[in-house]
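Novice: What follows is a predicted structure for the sequence shown.
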Amino acid sequence: MMKRRLALLTVVFGLVLSIAVAAEQPQRRVDDPEDQEDLNRELWEFARHTPYEKILPYVAEAQRQSKARESATLELPNGWRIAPAGTQVTVGRLPYEAIFFAGKLVVLNTGYYYPKDKEAQEVSIVDVATAQVVKTLRINSLFPSALVGTDGNLYLSGGYDQKVYRVNQQFDVDREYQVNGFTGGLAFIDGARLAVGYLATKNEKERYVHGQLAILDTNSGAIEREADIGYFP
C-alpha cells in the first residue's frame with residue numbers, strides 16, 4: 001500500500017512539474033505554417049541522410065509539371081462540369097450584377113448580404129482592356145440593381161439601407177437619395193423620374209411588411225408617390 005501511495009505521489013508531482021514548466025515556455029501554435037520548411041528539411045535528412053538542398057531542384061521541377069497539368073474545370077453538385085473561358089478578374093465577394101458604364105465594367109458584389117456583416121459591400125470598377133480592377137467603391141448595403149440614367153449617371157439600389165446611390169462618370173458616389181423601403185429594382189420613367197421598387201417596407205414595429213413602387217424625382221430628391229404592390233415583388 002505504501003509503495004502504491006509513493007508511486008501515485010510521484011506521478012502527481014511529475015504532472016505538476018510538467019505543467020509549471022510548460023507555463024513558463026512561450027506559447028506556440030500547433031501546425032504553424034512557418035514550421036513547414038523546417039519539418040520538410042528534418043524529415044528529408046532523417047529519411048535520406050542527404051542534405052535537404054539537394055532535393056530542392058527536383059521539388060521545383062515537380063511543382064512546375066504539376067502546374068502545367070492543372071485544370072480549372074469544376075464539377076457542380078449535379079455532375080455537370082464547367083470551365084472558365086478567356087481571362088478571369090478577381091473582384092469582391094458574390095458578384096451579382098455587371099453593367100457597362102463610362103467605358104468600364106461596373107460589378108456589384110453583394111457579399112453574403114446579411115445586415116449583421118460589418119464589412120461594407122463593394123462595387124468593382126473593371127478596366128476590360130487591361131483586365132484590372134481600377135477602383136473599388138465601398139457601400140454599406142447593395143442590392144443587385146444598377147441602371148444608367150438618361151442624365152449620364154449610374155444609379156445603384158441600396159438594399160436595407162433604404163437608399164439609391166448616384167455615381168458620376170469619375171466613379172464617385174456624388175449623391176444619396178433616402179427612400180422608404182428595402183430598395184430593389186430601378187427603372188427610369190423619363191429624364192428625371194426614377195421608379196424604385198421596394199422589396200419590403202417597415203411598419204411601426206420596424207418589421208418588414210408589404211412592398212411598394214415609388215416614384216423618385218432625381219433632381220429634387222423628393223418621393224412623388226408610393227403604391228403598394230405586394231410583399232417582396
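Specialist: Noted; the coordinates are in hand.

Novice: rest of the way, CA atoms for contacts and neighbours
Specialist: Noted.

Novice: Report the separation between Glu97 and Glu206.
Specialist: Remark: distance between Glu97 and Glu206 (Cα to Cα, to the nearest Å) = 29 Å.

Novice: And for Lys54?
Specialist: Using Cα to Cα, one obtains 68 Å as the distance from Lys54 to Glu206.

Novice: which element is the spatially most central residue of the chain on?
Specialist: Closest to where the C-alpha atoms of the chain average out (Cα atoms, centre = their mean) is Arg93, at 2.7 Å. Here Arg93 is covered by no helix or strand, with elements defined by DSSP states H and E.

Novice: what pLDDT does it get?
Specialist: At Arg93, the predicted lDDT confidence score is 87.

Novice: And the residue nearest to Val173 when sequence neighbours are not counted, how close does it get to Leu156?
Specialist: Excluding its sequence neighbours, the residue lying closest to Val173 (Cα to Cα, 6 or more residues apart in numbering) is Val167, at 4.4 Å. Noted for Val167: a distance of 8 Å to Leu156, by Cα to Cα.

Novice: Now do the strands for the protein: every range, in order, please.
Specialist: Secondary structure of the chain (DSSP state E): strands at 74-75, 81-82, 95-101, 104-109, 121-127, 132-139, 143-148, 154-157, 163-167, 173-178, 183-188, 193-198, 211-217, 223-230.

Novice: Ok, which of those comes nearest Ser66?
Specialist: strand 74-75 (17.2 Å; Cα to Cα).

Novice: Give the other helices and strands that the closest one contacts.
Specialist: In this structure, strand 74-75 packs against strand 81-82, with contacts taken as 3 or more Cα pairs under 8 Å, 6 or more residues apart in numbering; DSSP states H and E.

Novice: pLDDT averaged over the strand it packs on - what is it?
Specialist: Per-residue pLDDT values over strand 81-82 give a mean of 88.

Novice: And stretch 219-231, by the same measure?
Specialist: Summarised as a single mean, pLDDT over stretch 219-231 is 93.

Novice: just stretch 121-134 next, same as before
Specialist: 95.

Novice: re the thing from before, if you average pLDDT over each of the strands of the chain, which is lowest?
Specialist: For the strands of the chain, the stretch scoring lowest in mean pLDDT is strand 74-75; its value is a mean of 84.

Novice: Show residues contacting it.
Specialist: Here strand 74-75 makes contact (Cα atoms under 8 Å, 6 or more residues apart in numbering) with 81-83.

Novice: how distant is it from the center of its chain?
Specialist: Averaging C-alpha coordinates over strand 74-75 and over its chain gives two centres that are 21 Å apart (Cα atoms, centre = their mean, to the nearest Å).

Novice: got it, and stretch 43-56?
Specialist: Counting by Cα atoms, centre = their mean, stretch 43-56 is centred 42 Å from the centre of its parent chain.

Novice: And for that stretch, what's in contact with it?
Specialist: When contacts are taken as Cα under 8 Å, 6+ apart, the neighbours of stretch 43-56 outside the stretch itself are Arg41.

Novice: picking that back up, report the beta-bridge partners for the residue nearest to Val173.
Specialist: With beta bridges defined as DSSP bridges, Val167 has these partners: Leu154, Val173.
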